[in-house]
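**Student:** Show me the folded form of this:
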Amino acid sequence: MITDVAGIRVGHWTDPIGRTGCTVVLPPPGTVASGEVRGGAPGTRETDLLRPGMLVQHADAILLSGGSAFGLAAADGVVRWLEEDGRGVDAGVARVPIVPAAVLFDLGVGDPGARPDAAAGYAAAAAAGTSVEEGQVGAGTGATVGTVAGPERAVPGGIGSAARAAGGVTVGAIAAVNAYGVVVDDEGAPIAGALPADGSEGWTPFRPPPATNTTLAVVATDARLSRERAHLLAVAAHDALARAIEPSHTMWDGDTIFTLATGATEGPQDAIERLAEAALVEAIRRAVTAEGRRR
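**Tutor:** Numbers count the residues shown, from 1 in each chain. As a prediction, this is how the structure comes out:
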């Protein structure tokens, strides 16, 4: 799990009736953060400060949420929880918690009026621990995959997590998979969702409304990375989406990957990127095959 990286904790808030939820990843203090947003339909908060060259280098939490743009409100609750815990940038008169966030669209599943709010974000942060529940929980509660074949052929998505370790470095990933595309194995065969064997026989991809799909992920490592190297890790990690989801990074997806580096170990960038891709590919596939498992 992503919590194989020492100091990383994960908490979910789940609304099983409204079919939505949110997930919070809490790193230890001083964790360097970055990210990379792709696809044509992102919904995000605090992502500009994750770019190289920005003043603040660290993040206090990462929020992944359902509820589309409404779900960004859950970040307010995470900020409040962190402030009560004494976390945040020391601005002299107050500590200001830094909580980058991204949302996915799940309003078409369950109750469209059910959205994660500040209370949900607070509850997810308060629930954070080292065990990670997978499947249709947290930000993956109302997720679907395979909309490319039409909404009637879409199947449940969800949350998945995995980790890889080599050379004294550990890299973990967690993904909320709500993709327009189909989740595939290494041979390109569908694991979840349906794709035609080819583009013939009159099969036409479904064109959904804007901003109705997205895969969100957090990649964490115990390696020491600068903001620049953490950003390169996020860029490289997007290869996992291209490998596990067909198609990915479309104009209907808001695919977003955050990276966290706790700085406890040292490792070469290329090796860390390979571990990240492998961990995130497995996390994506576990998201659509897990059934409420906890590890």
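
**Student:** Now stretch 222-229: average pLDDT?
**Tutor:** For stretch 222-229, mean pLDDT rounds to 96.

**Student:** Need the contact partners of it.
**Tutor:** Here stretch 222-229 makes contact (C-beta atoms under 8 Å, 6 or more residues apart in numbering) with 5-7, 32, 34, 52-54, 57, 169-171, 233, 259, 261-267, 269, 272. Just so you know, the C-beta spots here come from the backbone N, C-alpha and C atoms, and that holds for glycine as well.

**Student:** Give me the buried subset of the residues you listed.
**Tutor:** 5, 7, 32, 34, 57, 169-171, 233, 259, 261-265, 267, 272 (16 or more other C-beta atoms under 10 Å).

**Student:** So which of those belong to helices?
**Tutor:** 233, 272 (DSSP state H).

**Student:** Just checking, which helix or strand of this protein averages the lowest pLDDT?
**Tutor:** When each helix and strand of the chain is scored by mean pLDDT, DSSP states H and E, strand 190-192 comes last, with a mean of 83.

**Student:** Can you give me the buried ones in it?
**Tutor:** Quick answer for strand 190-192 (16+ other C-beta under 10 Å): 190, 192.

**Student:** which secondary structure elements does that strand contact?
**Tutor:** In terms of contacts (3 or more C-beta pairs under 8 Å, 6 or more residues apart in numbering; DSSP states H and E), strand 190-192 is packed against strand 182-184.

**Student:** Mind giving me the packing neighbours of the strand it packs on?
**Tutor:** strand 190-192, strand 245-246, helix 269-287.

**Student:** Strand partners (parallel or antiparallel) of that strand?
**Tutor:** Under the criterion DSSP bridges, strand 182-184 sits next to strand 190-192 (antiparallel), strand 245-246 (antiparallel) in its sheet.

**Student:** what about residue 84, neighbour count?
**Tutor:** 12 (other C-beta atoms under 10 Å).

**Student:** and what of residue 29?
**Tutor:** Quick note: residue 29 (other C-beta under 10 Å) scores 12 neighbours.

**Student:** thought it was touching residue 87?
**Tutor:** Yes - between residue 29 and residue 87 a contact is recorded at 6.6 Å, counting by C-beta atoms under 8 Å.

**Student:** Spit out the residues that contact those two alike.
**Tutor:** Joint contacts of residue 29 and residue 87 (C-beta under 8 Å, 6+ apart) are residue 60.

**Student:** Now distance to residue 1 too, for the helices and strands packed on strand 182-184, in a markdown table please.
**Tutor:** Below are these laid out as a markdown table (distance: least, C-beta to C-beta, whole Å):
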| stretch | distance to residue 1 |
| --- | --- |
| strand 190-192 | 20 |
| strand 245-246 | 21 |
| helix 269-287 | 9 |
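
**Student:** can you tell which of these is closest to residue 23?
**Tutor:** In terms of C-beta to C-beta, the element of the helices and strands packed on strand 182-184 nearest to residue 23 is helix 269-287, at 11.4 Å.

**Student:** So which bits of the closest one are buried?
**Tutor:** If you call a residue buried by 16+ other C-beta under 10 Å, then helix 269-287 has these buried ones: 272-287.

**Student:** okay, now residue 187: neighbour count?
**Tutor:** 5.

**Student:** quick one on the thing from earlier: least reliable of the helices and strands packed on strand 182-184 going by mean pLDDT?
**Tutor:** strand 190-192 (a mean of 83).

**Student:** Partner strands of the next helix or strand after it and their direction?
**Tutor:** The helix or strand immediately downstream of strand 190-192 is strand 214-223, counting by DSSP states H and E. With DSSP bridges as the test, strand 214-223 is paired with strand 169-178 (antiparallel), strand 256-265 (parallel).

**Student:** got CSV for those strands, with distance to residue 92 and mean pLDDT too?
**Tutor:** Formatted as CSV, the strands paired with strand 214-223 follow (distance: least, C-beta to C-beta, whole Å; pLDDT from 0 to 100):
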stretch, distance to residue 92, mean pLDDT
strand 169-178, 34, 96
strand 256-265, 25, 96
